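A.B. asks: Give the three-dimensional model of this entry:
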Amino acid sequence: MLSDSAMFNNRYQRFILAAVVPVFIVYVIFMIFPIARSLYYSLFDWSGFTTNMEYIGLGNYAEMASDKLFASSVLNSLKYVAFGGVLIIGITLLFTYAITSYKSKKLKDFVQTILFVPNTISPVALALLWGFVLNTRWGLVNSSLKAIGLGTLARGWLGDEHIFGAALSLLVWIHVGFFIVVYLAGADRIPRSLYEAAELDGASDWKKFTTVTVPLLRDVIETSVVLWTISSFKIFGYIYAFGSGGCGSDPSPAIRNLAVHLYLTAFGKRTPINRLGYASAMAMILLVLVAMLVCVIRRLFRSVERIEY
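C.D. replies: Got it, this is the predicted structure:
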């Protein structure tokens, strides 16, 4: 007869097995299998809508080496990662500093809710709204600048020269609210005794934030950088809707990230080119790029000494 401990262990193992197997099956069906099929399709010249599949081996990957639009989309994705990451993390930290200084919990919750609102609205609606705000002729930004006598600062924000910055400002506005909620949740778990010890040493609020809060938010900051890096490559709705302006035109190459360019290659454009095999090769490159960047980011953060509390 099995002891009570052995029976418990057997039941626990069966429970873990019963819980993990269905999740693993779903993961294989909706993640591993599609990735494997995309890798298979990337070896063919295929439109995606016929049975004619011409095997070309690594031909699609070789073509990408000379594809200027592909190179531009990769560069834009990296620019979203770098510039967007610096702006979002920096603004989020400043808001975290300001909000954690509030004494009223209701005020904290209210400010968090207001900042988080953009994440609850349709991407298409936000993108179109931002396009109206930045419209060159009658947009709110240029109209306001002219009204206060600063018309010389008005620009064609939706032209190729400035549209990347316009799209980046949209993404920063939307994502800052999400990361603020994450950072504040991380700040709330920091023991008050650490702040009290800093106060006894005469530290100001800013000093407490930079020497206590920020170092102890290292794990949260690392997670946010990884999440933003992944998002920068796969954000689609905001960029596509903002770039097309609601009129069905193709987004400008100046703001396309790899996800948007991949879609346009496979299905999009007003005159579709339908190159699903080539787009599948892009998807493989996207997967490799994101995996490499995430590994680099995690290694960089691991090189910094971890602070325990």
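A.B. asks: Just the CA atoms of stretch 168-183, as PDB, please.
C.D. replies: Extracted C-alpha coordinates of stretch 168-183, given in PDB (Å, rounded to 0.1, in the frame of the first residue of the first chain):
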ATOM      1  CA  LEU A 168       6.200  57.100 -33.500                       C
ATOM      2  CA  SER A 169       4.400  59.800 -31.500                       C
ATOM      3  CA  LEU A 170       1.200  57.800 -31.900                       C
ATOM      4  CA  LEU A 171       2.800  54.600 -30.700                       C
ATOM      5  CA  VAL A 172       4.400  56.400 -27.700                       C
ATOM      6  CA  TRP A 173       1.100  58.000 -26.700                       C
ATOM      7  CA  ILE A 174      -0.700  54.600 -26.800                       C
ATOM      8  CA  HIS A 175       1.900  52.400 -25.100                       C
ATOM      9  CA  VAL A 176       3.000  54.800 -22.300                       C
ATOM     10  CA  GLY A 177      -0.300  54.200 -20.400                       C
ATOM     11  CA  PHE A 178       0.100  50.400 -20.500                       C
ATOM     12  CA  PHE A 179       3.700  50.500 -19.200                       C
ATOM     13  CA  ILE A 180       2.800  53.100 -16.500                       C
ATOM     14  CA  VAL A 181       0.300  50.600 -15.000                       C
ATOM     15  CA  VAL A 182       3.000  47.900 -15.100                       C
ATOM     16  CA  TYR A 183       5.700  50.100 -13.500                       C
END
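A.B. asks: So for that stretch, mean pLDDT?
C.D. replies: The average pLDDT within stretch 168-183 is 93.
A.B. asks: Might you list the low-confidence residue ranges for the stretch 151-300 of the chain?
C.D. replies: Low-confidence segments of the stretch 151-300 of the chain, defined by pLDDT under 70: 245-248, 269-272.
A.B. asks: Sketch out the helices for it, chain order is fine.
C.D. replies: 163-188, 192-200, 205-208, 214-216, 218-234, 237-244, 258-266, 276-302 (DSSP state H, counting those that start in this stretch).
A.B. asks: Deepest-packed of the ones you listed, please.
C.D. replies: helix 258-266 (a mean of 23; mean count of other Cβ atoms under 10 Å). Any C-beta I mention is one placed from the backbone N, CA and C, and that applies to glycine too.
A.B. asks: what angle do that one and helix 237-244 make?
C.D. replies: Between the axes of helix 258-266 and helix 237-244, defined by axes from the mean of the first three to the mean of the last three Cα atoms, to 10 degrees, the angle is 60 degrees.
A.B. asks: Quickly note the distance from the spatially most central residue of the chain to Ala154.
C.D. replies: In the chain, the C-alpha nearest the mean C-alpha coordinate belongs to Ser231, at 2.2 Å (Cα atoms, centre = their mean). When Cβ to Cβ, to the nearest Å is the yardstick, Ser231 and Ala154 sit 31 Å from each other.
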